[in-house]
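Enquirer: give me a model of this one.
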Amino acid sequence: MFKLGAVLTGGLTAIMVTFNGVLAGNLDNFIALIIIHIVGLITVGAIILLKQKKFDFNKDIPFYYFTGGAFGVFLVFFNNITFNAIGVSLTLALGLLGQSVAAIIIDHFGLIGIKASRFDRRKIIGFGIIFAGIVFMIVGS
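Expert: Reported below is the predicted structural model:
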């Protein structure tokens with residue numbers, strides 16, 4: 001079930017990057033960022049109201065765990081810029097490569113408070129295939 005959810009997340013990400021990129025292409029990039037995040041805030045606010053969730057903050061959570069929203073702003077900003085320059089396929093392919101490399105580093109060293117999961121050399125084959133696919137995408141365009 002979780003793997004299906006990950007695949008659905010990938011599909012939704014492609015749709016989101018496309019919508020956000022087109023919006024940014026028709027408006028100023030910073031205005032588009034504000035609109036995108038206000039719509040996100042309204043959406044999550046409606047979900048919280050519908051589910052009748054309470055705000056219950058655990059004060060023992062380190063501050064840096066709350067900075068994900070700031071990373072999200074930069075993620076959307078750079079996606080919008082690259083989408084309008086190189087298209088959705090290459091934007092997502094390069095983004096996924098960056099996510100994969102960062103995830104391997106975080107997992108291997110157990111960064112940001114997670115349990116370390118050592119790098120397995122067999123993953124190099126997967127990275128090679130991803131890299132080759134991106135090269136073919138760049139050369140083909």
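Enquirer: longest helix of this structure?
Expert: As assigned by DSSP state H, the longest helix anywhere in the chain is helix 2-26.
Enquirer: list of residues touching that helix?
Expert: By CB atoms under 8 Å, 6 or more residues apart in numbering, the list of residues contacting helix 2-26 from outside reads 32-33, 35-36, 76, 79-81, 83-84, 88, 91-92. C-betas here are computed from N, CA, C, even on glycine.
Enquirer: now with 7 Å, please.
Expert: By CB atoms under 7 Å, 6 or more residues apart in numbering, the list of residues contacting helix 2-26 from outside reads 32, 35-36, 76, 79-80, 83-84, 88, 91-92.
Enquirer: right, and the pair among those residues with maximum separation?
Expert: Using CB to CB, the pair of these lying farthest apart is 35 and 92, separated by 21.4 Å.
Enquirer: so for those two, which sits in the more crowded spot?
Expert: For residue 35 versus residue 92, neighbours defined as other CB atoms under 10 Å are more numerous around residue 92 (19 against 14).
Enquirer: neighbours of the closest residue to that one other than its chain neighbours, just the number please.
Expert: Spatial nearest neighbour of residue 92, excluding adjacent residues (CB to CB, 6 or more residues apart in numbering): residue 14 at 5.9 Å. Residues lying near residue 14 (other CB under 10 Å) number 14.
Enquirer: where exactly do the helices run in the chain?
Expert: Along the chain, counting by DSSP H, helices occupy 2-26, 29-51, 68-86, 88-109, 123-140.
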